[in-house]
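A.B. asks: can you look at this prediction? I've put the sequence above it.
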Amino acid sequence: MKTILVLSCLIAVCTAYSVQEDMLERHNKDRRRHKVGALVTSSKLVGISQTCANRNAKRNKNAHDCPASKGYGENLSWSYDSKGVPDEKAAVKTAYTGWYNESKDYN
Ligand SMILES: *[C@@H]1O[C@H](CO)[C@@H](O)[C@H](O)[C@H]1NC(C)=O
Ligand SMILES: *[C@@H]1O[C@H](CO)[C@@H](O)[C@H](O)[C@H]1NC(C)=O
């Protein structure tokens, strides 16, 4: 019984969806296709991003004026759900696709 409980917890942890990992994997999949190096997660940048996301959410604004991100490039995406329950996977896909779509504007 104990073993079964531990296993089910491990499976739950292992299959938990991660916005961060999904976004990283989407970037690296296209980066491999373009033959450029993979990105890795920076906990410093994750912290700055979260600070700015919280700030924007609190102000109900999608603005590039977060003091914490000064000196860094920044791409923003904003999404909402009328039911108040955000579909994280769909939001990540839309944000990534929107950003990637801009690659046609660059060489
Ligand atoms: C995304 O970030 C890069 C780096 O700061 C910037 O050059 C680009 O204009 C940004 N794109 C948008 C849509 O904000
Ligand atoms: C990205 O571009 C594709 C192809 O033009 C388009 O179908 C899709 O709606 C675009 N997605 C976003 C989020 O801009």
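C.D. replies: The structure has been received and is ready for your questions. Numbering: from 1, shown residues only. Ligands and ions are numbered 1, 2, ... in the order given.

A.B. asks: check contacts around residue 96.
C.D. replies: If you count contacts by C-beta atoms under 8 Å, 6 or more residues apart in numbering, residue 96 has them with 23, 26, 27. Bear in mind the C-beta positions are built from the backbone N, C-alpha and C, glycine included.

A.B. asks: I'd like those written out as a markdown table, with distance to residue 106 added.
C.D. replies: Formatted as a markdown table, the entries for the contacts of residue 96 read as follows, by distance: C-beta to C-beta, whole Å:
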| residue | distance to residue 106 |
| --- | --- |
| 23 | 19 |
| 26 | 17 |
| 27 | 15 |
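
A.B. asks: can you give me the mean pLDDT across the helix or strand hosting residue 95?
C.D. replies: Counting by DSSP states H and E, the secondary-structure element that holds residue 95 is helix 88-101. The average of the pLDDT scores along helix 88-101 is 92.

A.B. asks: is that helix positioned near ligand 2?
C.D. replies: Yes: contact check for helix 88-101 against ligand 2, using C-beta under 6 Å from any ligand atom: residues in range are 94, 97, 98, 101.

A.B. asks: give me every residue in the protein lying close to ligand 1.
C.D. replies: Contacts of the chain with ligand 1, taken as C-beta under 6 Å from any ligand atom, map to 73, 74, 75, 102.

A.B. asks: give me that answer again for 5 Å
C.D. replies: Applying the criterion C-beta under 5 Å from any ligand atom, the portion of the chain that neighbours ligand 1 consists of 73, 75.

A.B. asks: if we can go back for a sec, which single one of the residues of helix 88-101 next to ligand 2 is nearest to residue 67?
C.D. replies: Taking C-beta to C-beta as the measure, residue 67 lies nearest residue 98 of the residues of helix 88-101 next to ligand 2, at 25.2 Å.

A.B. asks: in contact with that closest one, which residues?
C.D. replies: Taking C-beta under 8 Å, 6+ apart as the test, what residue 98 contacts is residue 77.
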